[in-house]
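S.K.: Let's see this in three dimensions:
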Amino acid sequence: MVETRLIEGIEVINGSVPLTKTDPVQQWVDEWSVQLYVKVRAGALEGWGQVLPAGGSTREPYAALINRLSQALIGLNETSIEDAWNLMRRLTFSGGYGITTGAISGIDIALWDIKGKESGRSLASILGGMEAPVKRYASLSRYNSLERAVEATGWVLGKGYSMIKIHQTSKDTLETFKTIRKKYGYGFGLAADLNCAFSLEQGKKFMEEIVRYEPLWVEEPIWPPDDFDSLRKLNRIGPIAAGENTFSFFEFKRLMEMEALSYYQPDVAKVGGVTPTLEILNLAKKYKAKIAFHNRPDNGWISTIASTHVASAIYPDALIETPPNEIPSEYFLFRGKITKSDITPSGPGLGISPLPTIPTSNESKMLRFHEN
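M.R.: The predicted model follows:
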């Protein structure tokens, strides 16, 4: 007989795991050394989740909403994850998406972690998967010059990574991309994230230039990010990726019906957690869409590994965004396997949890993507 447990507590932890510095040192070290974790207690079990506090680069509104939602969840059967998700979403439906679905994400991921731990199996296993390896790519921060970005790319290649994404400004991405290809060749995957920098006309000109350098994709080239028609037009020129700022199943459905993108990028820590991500991946199967999970490439790792479990079980051909380093063993207990090319998840549950040594801090710094 399966023991019934009730949700007894939900705790928010302001993590401050430092970004691993590259050579040369990247920008955004302080901004990407901020995490928001959620710990859910049910009986003797603890589940861990993570939220990406992208809205305003501040954790406070997410934490406040999690604390408010916990008032409705305490005493609920922890195995009723779908009921919990629907309750949270109905309580926040008039708040739209963004911060609301982000807050829900942390709790939902933690509940799935508990569900796996109850059975002694991994999340991938309870979702029907075989703990298959999932390909990862190294996502770089921004560098304050083209030369430093090119040098850092060479440093990452020298460590054995074969897929890389750069985050340079709209003014230097094209020349950086061109220089990287000229110096290091075409024997590795290279993508660029524009962070919604261009108008449609600017984007068209950029795409017409960059396609000759064979990008894996160009990510979020258009402002605003929900201009799906413009994304579709650019995708006719070259491969476009987006989805980290898409928060609902129905938005992903519209994008896939339009064939607006070459890669779709749900973020399990923004979209509402594992529960809606499963629906999005099953939708992607129907449309034969390519999936490249978005994760902020910091050292948070909880949401990254949650993405890996879901991908391993449902969509093993997906790609996973990661920082250009391994999981820091001084801060996390990780039971899976990670190499320069892929991640193999394990359990029980997520198979990863913060150690007591994990640093915390209430400080944060505004991340301005569009400063040049």
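
S.K.: Low-confidence ranges, the protein, go.
M.R.: Residues of the chain meeting the criterion pLDDT under 70: 1-4, 371-372.

S.K.: Mind doing that once more with 50?
M.R.: 1, 372 (pLDDT under 50).

S.K.: Centre-most residue in it?
M.R.: In the chain, the C-alpha nearest the mean C-alpha coordinate belongs to N295, at 1.9 Å (CA atoms, centre = their mean).

S.K.: residues in contact with it?
M.R.: Residues in contact with N295 (CB atoms under 8 Å, 6 or more residues apart in numbering) are L52, D267, V268, A269, S303, T304, S307, I320, E321, T322. C-betas here are computed from N, CA, C, even on glycine.

S.K.: now the strands: where do they sit in the stretch 201-350 of the chain?
M.R.: Along the stretch 201-350 of the chain, counting by DSSP state E, counting those that start in this stretch, strands occupy 218-219, 240-242, 263-264, 292-293, 319-322, 332-334, 337-338, 342-344.

S.K.: now those strands as TSV including mean neighbour count and distance to E175?
M.R.: Conversion of these to TSV gives the following (neighbours: other CB atoms under 10 Å; distance: least, CB to CB, whole Å):
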stretch	mean neighbour count	distance to E175
strand 218-219	28	15
strand 240-242	27	20
strand 263-264	24	24
strand 292-293	27	24
strand 319-322	24	24
strand 332-334	17	37
strand 337-338	16	33
strand 342-344	19	31
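
S.K.: Now render those as CSV, adding distance to L65.
M.R.: Listed next are the strands of the stretch 201-350 of the chain as CSV, based on distance: least, CB to CB, whole Å:
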stretch, distance to L65
strand 218-219, 28
strand 240-242, 25
strand 263-264, 26
strand 292-293, 24
strand 319-322, 25
strand 332-334, 26
strand 337-338, 32
strand 342-344, 30
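
S.K.: Pop the domain breakdown of this protein in here.
M.R.: What automatic domain parsing lists as the domains of the chain is 7-120, 124-354.

S.K.: Relative to R368, which of these is closest?
M.R.: domain 7-120 (8.5 Å; CB to CB).

S.K.: And the closest one, how far out from the chain middle?
M.R.: 13 Å (CA atoms, centre = their mean, to the nearest Å).

S.K.: next one: stretch 357-365
M.R.: For stretch 357-365, the distance to the chain centre is 20 Å (CA atoms, centre = their mean).

S.K.: List the contacts of that stretch.
M.R.: Taking CB under 8 Å, 6+ apart as the rule, stretch 357-365 contacts 13-18, 30-31, 34, 53, 57-59, 330-332.

S.K.: Return the subset of those lying in strands.
M.R.: When DSSP state E is applied, those are split such that I13, N14, G15, F332 fall in strands.

S.K.: Just the closest of those residues to S312, please.
M.R.: For these, the nearest to S312 is F332 (18.5 Å; CB to CB).

S.K.: ok, that closest one to V310 distance?
M.R.: 19 Å (CB to CB, to the nearest Å).

S.K.: cool, and N195?
M.R.: In terms of CB to CB, N195 sits 25 Å off from V310.

S.K.: For these two, indicate the residue with more neighbours.
M.R.: The residue with more neighbours, out of N195 and V310, is V310; 29 against 20, by other CB atoms under 10 Å.

S.K.: which ones are touching that one?
M.R.: Here V310 is in contact with L123, A124, L127, V268, V274, T277, L278, L281 (criterion: CB under 8 Å, 6+ apart).
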